[in-house]
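Engineer: turn this into a structure:
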Amino acid sequence: MTIQDRTALATGRDNVILTGAAGFIGSNLAASLAKKFNVIAIDNFITGDEKNIDQLLQLPNFVFIRHDINEPLNLDNYPELKKFQINVQGISKIFNLACPTAPKDHAKYALEIIGSNSSGVQNMLNLAVKYQSTFVHVSSQHIYGIPKDQNPIKEDYFGYTNPVGPRSAYDEGKRFSETIVSYYQRQFGLDTKIARVFTTYGPRMALNEGRSVPDFIVNAINNEDLIIYGDENTKNTFCYIDDIVDGLIKLASSSVNSPINLGHYEKYTLKSAAELIIKLTDSRSKIVYRNPEWYVASYNIPDITLAKETLGWFPLVGLEDGFERTIEFTKINLRLYLS
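Structural biologist: Numbering: from 1, shown residues only. Okay, the predicted model is just below:
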């Protein structure tokens, strides 16, 4: 493909920015966005990994910029973006996913988490103001903290979190980031969206970071114990990554400007999830129970009525199907993702 052909392909599409592009959700979202948009992918590789976007780097409508969003971003400084004609076409949408999320690394990256949820968010919002872009901020179920009862959580629950606990950089950071987004919406009239994403799993998920599904799968493949932080009655929901990506894309094109839950509505015991993974991997692993470590958050169940009614969105991938896809990817790429 000639330079002229590449430029022609790029100029026929809207431009979007995606931060946190080399992370789990970010890289899966990037692959979907690249089918329709010119994608300016941003990551600083603190926890994201280049292998997640290697295949996308060959696309003429995909440009990667290594950048820390805690520093202001001037798109004019990158000659590789000229083919997107940003000064003429602008930036249609900004998807903000930049934030270290690994549970075990909350303490290690606490300052980076605080930064990405404060100055980082504000820097990207300033870009949205400059280009009048739709701003999609990916928040978290953890802004709710401890649920008030056993019912699925609705968006009008303000949450119960510990502002000085060992997880507070992330949990309170995500809460504060929503505050910043909401003020930019009111003061600048920005079209902003806030997605509160619940437990998600699937291909490209980092291993050995304290998340149940990938840890279960790796241990089952190796015939090692599957550790449940809780007891036989501990429950959670599990949403496959393709469904979350679909929800984020639908949200970006919607008229919704209030926070919205994205997650699976069906709850399972962690025991049943672990048993299913043992079965699907034909493993000899055993299930053991332990008291939760400090980094293990409460397991929240989303009420997704708002997403169904306003976006026409609900998860389609069942647990067994999603686990099978994730197990297959993990088996093929296990050495790569453990390196």
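
Engineer: what sits closest to the residue most central in space within the chain if chain neighbours are left out?
Structural biologist: When Cα atoms, centre = their mean is applied to the chain, the residue found nearest the centroid is I25 (3.8 Å). Excluding its sequence neighbours, the residue lying closest to I25 (Cβ to Cβ, 6 or more residues apart in numbering) is L97, at 5.9 Å. Every C-beta, even on glycine, is put in place using the N, C-alpha and C of the backbone.

Engineer: list the contacts for the one you found?
Structural biologist: By Cβ atoms under 8 Å, 6 or more residues apart in numbering, the contact set of L97 is L18, T19, G20, A21, G23, I25, G26, L29, V138.

Engineer: can you list the strands that the helix or strand hosting the last one pairs with?
Structural biologist: In other words, V138. According to DSSP states H and E, V138 maps onto strand 134-140. Strand 134-140 has the following strand partners under DSSP bridges: strand 93-96 (parallel), strand 192-197 (parallel).

Engineer: now do the same for V16: helix, strand or coil?
Structural biologist: State at V16, reduced to three classes by DSSP: H, G, I helix; E, B strand; the rest coil: strand.

Engineer: what is it paired to in the beta sheet?
Structural biologist: What pairs with V16, by the bridge criterion (DSSP bridges), is V39, K93.

Engineer: just want the phi and psi numbers for the residue nearest to the centre of the chain.
Structural biologist: Main-chain dihedrals, I25, degrees, to the nearest 10: phi -70, psi -40.

Engineer: hang on, it packs against V138?
Structural biologist: Yes - checked against Cβ atoms under 8 Å, the pair I25 and V138 is within contact range at 6.9 Å.

Engineer: any common contacting residues for the two?
Structural biologist: L97, V197.

Engineer: please enumerate the strands of the protein.
Structural biologist: Taking DSSP state E as the test, the strands found in the chain are 15-19, 38-43, 62-66, 93-96, 134-140, 192-197, 200-201, 226-229, 235-237, 239-240, 260-262, 267-269, 287-290.

Engineer: C-alpha coordinates for the longest one, PDB please?
Structural biologist: Read it as strand 134-140. C-alpha atoms of strand 134-140 as PDB (Å, rounded to 0.1, in the frame of the first residue of the first chain):
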ATOM      1  CA  THR A 134     -17.500  13.300  22.900                       C
ATOM      2  CA  PHE A 135     -15.700  12.100  26.100                       C
ATOM      3  CA  VAL A 136     -16.200   8.600  27.300                       C
ATOM      4  CA  HIS A 137     -14.800   8.000  30.700                       C
ATOM      5  CA  VAL A 138     -14.400   4.400  31.800                       C
ATOM      6  CA  SER A 139     -15.000   4.300  35.600                       C
ATOM      7  CA  SER A 140     -15.500   1.300  37.800                       C
END
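
Engineer: ok, back up a step: out of the strands paired with strand 134-140, deepest packed?
Structural biologist: Neighbour counts (mean count of other Cβ atoms under 10 Å) averaged over each of these peak at strand 93-96, with a mean of 27.

Engineer: just the CA atoms of that one, as PDB, please.
Structural biologist: Extracted as PDB, the C-alpha positions of strand 93-96 are listed here (Å, rounded to 0.1, in the frame of the first residue of the first chain):
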ATOM      1  CA  LYS A  93     -14.400  10.900  20.400                       C
ATOM      2  CA  ILE A  94     -12.000  10.400  23.300                       C
ATOM      3  CA  PHE A  95     -12.200   7.100  25.200                       C
ATOM      4  CA  ASN A  96     -10.400   7.500  28.500                       C
END
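
Engineer: from here on, count from 36
Structural biologist: Got it, first residue is 36 now, which makes that one strand 128-131.

Engineer: before we move on, the earlier item: I312 versus the residue nearest to I60, what's the distance?
Structural biologist: 26 Å (Cβ to Cβ, to the nearest Å).

Engineer: same question, N105
Structural biologist: 37 Å.

Engineer: and those two? which has more neighbours close in?
Structural biologist: Higher neighbour count among N105 and I312: I312, with 27 against 18, using other Cβ atoms under 10 Å.
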